[in-house]
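Student: could you work out the structure for the sequence below:
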Amino acid sequence: MLLTETERDAPEISAPSAEPLGPPTRVRNGATRRRFLFGGAAAAVGTAAFAIAPRLGVPRGPTIDPMLPGFEPGPPPLDEVEAWGSPEIRLARRITMGLTPEEAQLARSRGFSGYLDYHLSAATINDSATEAFVATNYPQLVMAGTDLYLLEDNLVLRQLQEATLFRAAFSKRQLYERMVEFWTDHFNISMRDVKYLKTLDDRDVIRKHALGNFPDMLRASAHSTAMLTYLDNNTSRFPRINENYARELMELHTLGVDGGYTQADVVAVARCFSGWTIRGRGDFSFDPTGHDFGAKTFLGQNIPAAPGTGAAAINEGEKVLDYLAAHPNTARYISSKMIHWLLRYDPPETLVSSVAAVYRQTNGNIPAMIRAILTPANVAAAPAKHKRPFHFAASALRAVNPTVRSIAAFSNTRLQLLGQQSFIWETPDGYPDSVQFWSGLVMQRWNFGDYLANLTTGDVIVDIAPFRAVDTPEGITSAISTTMFGGELPAKTRDRIKSYLSATAISNTRVREAVALAINSTTFQWY
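Tutor: Predicted coordinates:
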């Protein structure tokens, strides 16, 4: 695959180590990830994006002044959200990366419960077209670690980033892709630290278990050579025990920061996982010579001293995982995060408790928890949520249904400008899901919509003919409403787009500008 000039200019990551235990790691401690102060993060991202834009020299379409049609920051007015009247379409907004006419029709024809069941049975959805594109364009995704290790690091990173965006935008398994994104942040790993190992983790941990059971995913993550490397457990050997994985296992993966554990528990759990390491180019291994065989106590659980054999010692870590997965605080923490992701920023206490009960009853069955979260009543009462940059980009691509030969420019340059390229968030907590963090990127989003709507040649081509089937301001506006908003374009936005089209003679340029206005409208930024 030939690299564009923009791709060749992209920042590089260092070459992999020749050491048998996998890529080199950077020493962390509990304070490291907290250095990234959230108060200034969004502004820093925005400033960086503006700084690199002139250097990249990215072509843009006709300049549109966002003040003309009235781009208004902040959430859509309450009356606009209430105009999202169809329960099925409200659900589609929640469980997809963006509405399309096909998805809206599917939701309406199947009804609320049938549509949710359809997406929860992701393995039965025919996604052959997407998977064929991925298999053809990103063959590295199925390689073993020994083969990935031999490849250039930037190539491996880009392959995974591009495939992730393509799947998010065009896969028919939309709820599955939303949960892949969720769990990628929950078990966050910076690919710049672990390199090719993240490709294995994405395939064998996140994608394998995204709609499965949480305990199975937790166990897979604990055995992930990417996670062991990222949080330094691959070098944790008695008597020099590293606490990073143990701390994040409890704080971020299971119990939550207020989950009731102490520093003494962190030390004990770290001792249980000592010797969990890597063999070769990505295989999990247990090294009994690096294990602490002494007696341990964590969260009131006693683990007696183990005999000096591998089988008994490795079981200590497995016992920790079993206990944490079944802990009521884990049930509450995971439930609260899933409600936050799928439904609303302020998970009600009663809903957290009820979903946590489902977690305990089903041994952490993810589809069962999603059904408990996304009830008709809950979805109807949920306020709008703000699209993060990755979500926004995927939804815009879905909205215009382009012809795609390569998505590299979007995965690399465009998401870089928007501030959310996949797999490079440095700290273990994952990209934030909050309005406050992402609210400072209005102009970057505007430029994205302008750029996308005006693509007429190259690797991504947007055909506006479907928008001109009825070639009048009213007809084009109605087509935009049906194609991009499930037929629920609010009156205020509809009037602005129609007025913009009516101001001068209809032309392809004017229609493309109207599509850009729709992408950059306040309504399109929320779901």
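Student: these two touch, right, Lys319 and Pro304?
Tutor: No - counting by C-beta atoms under 8 Å, Lys319 sits too far from Pro304 to count as a contact (11.0 Å). Any C-beta I mention is one placed from the backbone N, CA and C, and that applies to glycine too.
Student: so these two - more neighbours on which side?
Tutor: A count of neighbours by other C-beta atoms under 10 Å puts Lys319 above the other of Lys319 and Pro304, at 13 against 10.
Student: next up, identify which helix or strand that one is on.
Tutor: Per DSSP states H and E, Lys319 falls inside helix 310-326.
Student: list of residues touching that helix?
Tutor: 214-215, 218-219, 222, 249-250, 253-255, 269, 272-273, 275-276, 286, 288, 291, 293, 296, 298-299, 301, 303, 306, 330, 360, 363-364 (C-beta atoms under 8 Å, 6 or more residues apart in numbering).
Student: and that helix, what's its mean pLDDT?
Tutor: For helix 310-326, mean pLDDT is 92.
Student: would you mark the buried spots in the helix or strand following that helix?
Tutor: Helices and strands here follow DSSP H and E; after helix 310-326, the next one along the chain is helix 328-342. Of the residues in helix 328-342, 329-342 count as buried by neighbour count, 16 or more other C-beta atoms under 10 Å.
Student: give the other helices and strands that helix 328-342 contacts.
Tutor: Other helices and strands packing on helix 328-342, by 3 or more C-beta pairs under 8 Å, 6 or more residues apart in numbering; DSSP states H and E, are helix 174-186, helix 349-362, helix 366-373.
Student: which pLDDT value goes with the residue nearest the centre of the chain?
Tutor: The chain has Glu181 as the residue nearest its centroid, 2.5 Å off, counting by C-alpha atoms, centre = their mean. Glu181 is assigned 98 on the pLDDT scale.
Student: got a list of what it touches?
Tutor: So Glu181 contacts 168, 390-391 (C-beta under 8 Å, 6+ apart).
Student: now do Ala396
Tutor: Counting by C-beta under 8 Å, 6+ apart, Ala396 has contacts 98, 448-449, 452, 519, 524.
Student: of the residues you listed, closest to Val462?
Tutor: Val462 has its nearest neighbour among the contacts of Ala396 in Leu452, at 6.6 Å by C-beta to C-beta.
Student: not counting sequence-adjacent ones, nearest residue to that closest one?
Tutor: Distances taken as C-beta to C-beta, 6 or more residues apart in numbering put Ala396 closest to Leu452, at 5.6 Å, once the chain neighbours are dropped.
Student: distance check, that neighbour against Arg510.
Tutor: Distance, Ala396 to Arg510, using C-beta to C-beta, to the nearest Å: 19 Å.
Student: mind checking which of the contacts of helix 310-326 are in helices?
Tutor: 214-215, 218-219, 222, 269, 272, 330, 360 (DSSP state H).
Student: any weak-confidence spans in this structure?
Tutor: Applying pLDDT under 70 to the chain flags residues 1-75, 77-83, 308-309.
Student: how about the strands of it, start to end?
Tutor: In the chain, the strands defined using DSSP state E lie at 276-279, 283-286, 296-298, 301-303, 403-404, 460-461.
Student: for those, state which one has the densest average packing.
Tutor: Highest mean neighbour count among these (mean count of other C-beta atoms under 10 Å): strand 276-279, with a mean of 22.
Student: quick revisit: which of the buried residues of helix 328-342 sits closest to Gly85?
Tutor: Nearest to Gly85 out of the buried residues of helix 328-342 is Leu342 (C-beta to C-beta; 20.2 Å).
Student: with adjacent residues omitted, what lies nearest to that closest one?
Tutor: Ile373 (5.4 Å).
Student: Cys272 against Lys296, yeah?
Tutor: Yes - using C-beta under 8 Å, Cys272 makes contact with Lys296 at a distance of 6.1 Å.
Student: what is in contact with the two at once?
Tutor: Shared contacts of Cys272 and Lys296, defined by C-beta under 8 Å, 6+ apart, are found at 303, 316.
Student: I'd like to know how far Gln161 sits from Ile464.
Tutor: For Gln161 relative to Ile464 (C-beta to C-beta), the value is 28 Å.
Student: contacts only, for the residue lying farthest from the centre of the chain.
Tutor: Relative to the centre of the chain, the most outlying C-alpha is that of Pro307, 42.5 Å out, by C-alpha atoms, centre = their mean. Pro307 is in contact with Phe293, counting by C-beta under 8 Å, 6+ apart.
Student: could I get the contacts of Glu181 in TSV, plus columns for neighbour count and distance to Ala408?
Tutor: Below are the contacts of Glu181 laid out as TSV (neighbours: other C-beta atoms under 10 Å; distance: C-beta to C-beta, whole Å):
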residue	neighbour count	distance to Ala408
Ala168	24	15
Phe390	22	15
His391	22	19
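Student: now tabulate those in JSON lines and tack on distance to Tyr138.
Tutor: Output for the contacts of Glu181, formatted as JSON lines (distance: C-beta to C-beta, whole Å):
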{"residue": "Ala168", "distance to Tyr138": "14"}
{"residue": "Phe390", "distance to Tyr138": "17"}
{"residue": "His391", "distance to Tyr138": "21"}
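Student: any idea which of those is closest to Phe423?
Tutor: For the contacts of Glu181, the nearest to Phe423 is Phe390 (10.9 Å; C-beta to C-beta).
Student: what sits against that closest one?
Tutor: Contact analysis of Phe390 by C-beta under 8 Å, 6+ apart lists 165, 168, 181, 415, 418, 420, 422, 431.
Student: show only the entries of those residues found in helices.
Tutor: Among the contacts of Phe390, DSSP H puts 165, 168, 181, 415, 418 in helices.
Student: for the residues you listed, work out which two are farthest apart.
Tutor: The span of these, defined through C-beta to C-beta, is set by Glu181 and Leu418 at 14.8 Å.
Student: just give me the neighbour total for Val352.
Tutor: Around Val352 there are 20 other residues, counting by other C-beta under 10 Å.
Student: ok, now Thr472?
Tutor: Number of residues near Thr472 (other C-beta under 10 Å) recorded here: 13.
Student: what's the spacing between the residue nearest to Asp204 when sequence neighbours are not counted and Tyr359?
Tutor: Distances taken as C-beta to C-beta, 6+ apart place Ala220 nearest to Asp204, at 6.6 Å, with adjacent residues excluded. Counting by C-beta to C-beta, the gap from Ala220 to Tyr359 is 18 Å.
Student: and the two? Which one has more around it.
Tutor: Taking neighbours as other C-beta under 10 Å, Ala220 and Tyr359 compare with Tyr359 leading, 27 against 19.
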